[in-house]
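**Q** Quick one, what's the 3D model for this:
(chains A, B, C and D)
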There are 2 protein chains.
Amino acid sequence: MNAKPNVKTIADIARLAGVSTSTASRALRDSDLISIETKERIKKIAQEHSFRPHLGARNLRLKKSNSIVLVFPFDYADQDVLANPYIFKVLGTVGSALRARHYDLLLSRLSDINMLIDDLYIHSGLAEGAIILGRGDNDQSKMAALVETNIPFVVLGPEHDNQGYCSVGIDNRQSSRMAVKHLAKQGRKRIAIISDNFDEPIAEGYQRYQGYLQGLADAGLPFDQNLTVLSTYAGQSGYDAIQLLLESVPDFDAIFVATSDIVAIGAMQALHDANKRIPQDVALVGFDNIDLCDFTNPPLTSISQRLHEGVADLLTQKLLDQIAGQQVESTMLQGRLVVRQSCGASVLT
Amino acid sequence: MNAKPNVKTIADIARLAGVSTSTASRALRDSDLISIETKERIKKIAQEHSFRPHLGARNLRLKKSNSIVLVFPFDYADQDVLANPYIFKVLGTVGSALRARHYDLLLSRLSDINMLIDDLYIHSGLAEGAIILGRGDNDQSKMAALVETNIPFVVLGPEHDNQGYCSVGIDNRQSSRMAVKHLAKQGRKRIAIISDNFDEPIAEGYQRYQGYLQGLADAGLPFDQNLTVLSTYAGQSGYDAIQLLLESVPDFDAIFVATSDIVAIGAMQALHDANKRIPQDVALVGFDNIDLCDFTNPPLTSISQRLHEGVADLLTQKLLDQIAGQQVESTMLQGRLVVRQSCGASVLT
DNA sequence: GCATATAATGCAATCGATTGCATAAACCCG
DNA sequence: CGGGTTTATGCAATCGATTGCATTATATGC
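**A** Got it, this is the predicted structure:
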């Protein structure tokens, strides 16, 4: 059926060209040790047989893999997280950045950092480094262990004191503070917060909570424990949170949904169902600034993590620099408040 | 710093254990050629040095790669597509299924089928097969060329006559017909359709359009060219489509958004802005049944592609069977209409 | 015309793990 | 106690591409 006989290896090409495998290999790599004519001839033969060198063999010889593993410290089964467009966007932008640098992207089948260390793609030669998409609340002792292994890796997430590794992320505290101040500026007095963490200093949710507290303080508003509600990453969780608030502190007039826009959308739904008008009765600010923010009803004000503005490139470049043996520094970006209608501000600018 | 000296290869382990590499290799693979005590001893040493065999070397020797490449026939830069939670969900479920079968997942940096054939991960030994997430409208001549290569692959998408490859997807025509009939049953007479393709028989959008036509016919409704609007995959596109309809045929009373739920959400926003009530003035049905359907206002009736019900497993199993040399058949699943409020049906059941 | 520089090519080892075959050691049994 | 098994281990080739070194062929210089 196929006109071309089995041409699978460089040796096959060499045989067809009547040269040694060394010559064939050099020709295909464009070495100047080989005469122009010979190179042309060999290349032509390779082309005709649509020959591709076996990358596994090459990588073995060259001791590299030219690929990076992207780790979700979540289980694939955790559909709530997977349903978050933000994560997907990160995946896409990181993939794009790696591609531009001729690296392949391996998705980790690992669900936590322990397994990463344990099952180590890197030690097994599959990847040269890792990009870890965390919410930053990975157990720091595990992270320390990871640092110990000397595996090159970077983390998308918050920066901690003396973390010992390189991270790229936005300033959760500052961004949140800004969001809350913005709500206060619209005249809101009873601003609630929905977050996924109020206890662990290491968690992004906690840091956003801290920013919330600062924002309240800045605006001279009192803190009320009842205005804090925990959530997961699912839309339903936002819905439930609102119902809780409506029961306990029905006088709230704004919500900062620190968890994610998806949760904010769930919250909006609950408010609609309770006949609360947004933003007249309750103003809302989300986090992540997903595309959908433009199409919620009303459009959702949110904090942009500046994904389009180079986070993926930063992550990728820092990782590759690290692999190349360079020292790299963490970067903390300032979030940007994208004002739409849900926060009650007039969108004139 | 590290107490353990350079232990990178099986030879190192062998040296430490005072045996040959063959013995070490066999011991680590649990061969019964090796005495129990020796095995235990070698395994212990390997453990202590957290040794992992180099998978590249193993794969080279065993002539396999134990990984699959997942191809998006979209560019990473195509943010509209990447923003679709449906694709992400597929990614997650396929990843999960592969993981369960101990395969690694490589993301293709390829943007089209041509490059897949050309740049071929498979010929280069990186992957054993490919899962192609298409909208099924891949150029069929390219697909034929792909079939020619004998590379094992499966496609998530519609089934075509004599396609020559294995696909798994839902019956676009039938599902769409069902959706339209459902709208007609609610008394809607002027049902519009938003789709991304009205011309190419090979495209999913076209097939959904055909289903729409059948549905209209079933319900005895006349076809009106003006009720058909083209869209891309972005929410904005749905918004624009509605504005177009409002200008040209303001009397429409229902829309079947065949492109995706994201587009439907954009459409809802446009309807809100035009003070059209959903579903009283305009009823709406989307496609994909993403999680968010529960949290739109009102909740969006949509067609489920049955992702949770084994599509990923089917794809994975069929691909692995193919790699193992078996003959595999395509599967076409029936879509399921998930009724919520946007279609105007009473949700009593 | 001969020695030396230069260009082109091939040989063989290498990357790290695996495995068929050979060998050595221990054991069995008459 | 010698021949025949059984059990445990090692040797060396292999997967496919790459590259240092050696070798041959050609060119240059005097």
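
**Q** The spatially most central residue of chain A sits in which helix or strand?
**A** Central residue of chain A (Cα atoms, centre = their mean): residue A:90, 4.1 Å from the mean position. Element membership for residue A:90, per DSSP states H and E: helix A:85-100.

**Q** which residues touch the residue nearest to the centre of chain A?
**A** Shown in contact with residue A:90 (Cβ atoms under 8 Å, 6 or more residues apart in numbering or on different chains): A:133, A:156, A:307, A:311, A:312. All C-beta atoms are positioned from the backbone trio N, CA, C, and that covers glycine.

**Q** In helices, which of these fall?
**A** Mapping those onto helices (DSSP state H) picks out A:311, A:312.

**Q** so how far is residue A:107 from the residue in the stretch 151-300 of chain A that DNA strand C sits nearest to?
**A** In the stretch 151-300 of chain A, the residue that lies nearest DNA strand C is residue A:151 (15.9 Å; Cβ to the nearest atom of the strand). From residue A:151 across to residue A:107, the span is 17 Å (Cβ to Cβ, to the nearest Å).

**Q** next one: residue A:212
**A** 34 Å.

**Q** Give me every residue in the stretch 51-200 of chain A lying close to DNA strand C.
**A** Residues of the stretch 51-200 of chain A found near DNA strand C (Cβ under 7 Å from any atom of the strand) are A:57, A:60, A:61, A:63, A:125.

**Q** Grab the nearest non-local neighbour of the second one.
**A** Read that as residue A:60. Distance criterion Cβ to Cβ, 6 or more residues apart in numbering or on different chains; nearest residue to residue A:60, sequence neighbours excluded, is residue B:56 at 4.9 Å.

**Q** same check, this time on residue A:229
**A** The shortest distance from residue A:229 to any residue other than its chain neighbours is 4.3 Å, reached at residue A:241 (Cβ to Cβ, 6+ apart).

**Q** was I right about the one you found contacting residue A:228?
**A** No: under the criterion of Cβ atoms under 8 Å, residue A:241 is not in contact with residue A:228, lying 10.0 Å apart.

**Q** quick one, which of these two is more surrounded?
**A** Neighbours per residue (other Cβ atoms under 10 Å in any protein chain shown) separate residue A:241 from residue A:228, with residue A:241 holding more: 26 against 17.

**Q** residue ranges for the helices of the stretch 151-300 of chain A, please.
**A** Remark: helices assigned in the stretch 151-300 of chain A by DSSP state H, counting those that start in this stretch are A:172-185, A:204-218, A:235-248, A:261-273.

**Q** which one of those is the most hemmed in?
**A** Highest mean neighbour count among the helices of the stretch 151-300 of chain A (mean count of other Cβ atoms under 10 Å in any protein chain shown): helix A:261-273, with a mean of 26.

**Q** That one packs against which elements?
**A** Packing partners of helix A:261-273 (3 or more Cβ pairs under 8 Å, 6 or more residues apart in numbering or on different chains; DSSP states H and E): helix A:85-100, strand A:191-195, helix A:235-248, strand A:254-257, strand A:283-288.

**Q** mean confidence for that helix?
**A** Summarised as a single mean, pLDDT over helix A:261-273 is 95.

**Q** Return the distance of that helix from the chain's centre.
**A** When C-alpha coordinates are averaged (Cα atoms, centre = their mean, to the nearest Å), helix A:261-273 and its chain have centres 24 Å apart.

**Q** cool, stretch A:208-217 as well?
**A** So, by Cα atoms, centre = their mean, the centroid of stretch A:208-217 is 24 Å from its chain's centroid.

**Q** Kindly report the same for stretch A:42-60.
**A** Centroid displacement of stretch A:42-60 relative to its chain, using Cα atoms, centre = their mean, is 35 Å.

**Q** in that stretch, what's buried?
**A** Of the residues in stretch A:42-60, A:42-43, A:45-46, A:49, A:51-60 count as buried by neighbour count, 16 or more other Cβ atoms under 10 Å in any protein chain shown.

**Q** Same question for stretch A:17-35.
**A** Those would be A:17, A:19, A:23, A:24, A:25, A:26, A:27, A:28, A:34, for stretch A:17-35 by 16+ other Cβ under 10 Å.

**Q** could the residues you listed be laid out in CSV, adding secondary structure?
**A** Formatted as CSV, the buried residues of stretch A:17-35 follow (DSSP: H, G, I helix; E, B strand; the rest coil):
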residue, secondary structure
A:17, helix
A:19, coil
A:23, helix
A:24, helix
A:25, helix
A:26, helix
A:27, helix
A:28, helix
A:34, coil
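
**Q** Walk me through the domains of chain A.
**A** Following automatic domain parsing, one finds the domains of chain A at A:10-53, A:67-170+A:307-335, A:172-304.

**Q** Could you confirm whether the second one reaches DNA strand D?
**A** Same thing as domain A:67-170+A:307-335. No: figure legend: domain A:67-170+A:307-335 not in contact with DNA strand D (Cβ under 7 Å from any atom of the strand); closest approach 12.2 Å.

**Q** can you give me the end-to-end distance of that domain?
**A** Domain A:67-170+A:307-335 has an end-to-end distance of 30 Å (criterion: Cα to Cα, to the nearest Å).

**Q** pLDDT averaged over stretch A:31-47, what's the number?
**A** What stretch A:31-47 shows for mean pLDDT is 93.

**Q** My error: substitute stretch A:322-329 in the last question.
**A** 92.

**Q** buried stuff in it?
**A** Neighbour-count burial for stretch A:322-329, counted by 16+ other Cβ under 10 Å, picks out A:322, A:323, A:328.

**Q** Enumerate every residue touching the first one.
**A** In this case it means residue A:322. For residue A:322, the contact set (Cβ under 8 Å, 6+ apart) comprises A:129, A:152, A:153, A:154, A:166, A:328.

**Q** 10 Å instead, please
**A** Residues in contact with residue A:322 (Cβ atoms under 10 Å, 6 or more residues apart in numbering or on different chains) are A:128, A:129, A:151, A:152, A:153, A:154, A:165, A:166, A:328.

**Q** Against chain B, how distant is it?
**A** Separation of residue A:322 from chain B (Cβ to the nearest Cβ, to the nearest Å): 18 Å.

**Q** so which helix or strand takes in that residue?
**A** For residue A:322, the enclosing helix or strand under DSSP H and E is helix A:311-323.

**Q** what angle sits between that helix and helix A:85-100?
**A** 50 degrees (axes from the mean of the first three to the mean of the last three Cα atoms, to 10 degrees).

**Q** Name the residues that touch the following helix or strand past helix A:311-323?
**A** The helix or strand immediately downstream of helix A:311-323 is strand A:331-333, counting by DSSP H and E. Residues from elsewhere that reach strand A:331-333 (Cβ under 10 Å, 6+ apart): A:154, A:158-159, A:166-175, A:304-306, A:309-311, A:314-315, A:318.

**Q** Now a PyMOL select for only the buried ones of those.
**A** To isolate the buried members of the contacts of strand A:331-333 in PyMOL, using 16+ other Cβ under 10 Å:
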select buried, chain A and resi 154+158+159+166+167+168+169+170+171+172+173+174+175+304+305+306+310+311+314+315+318
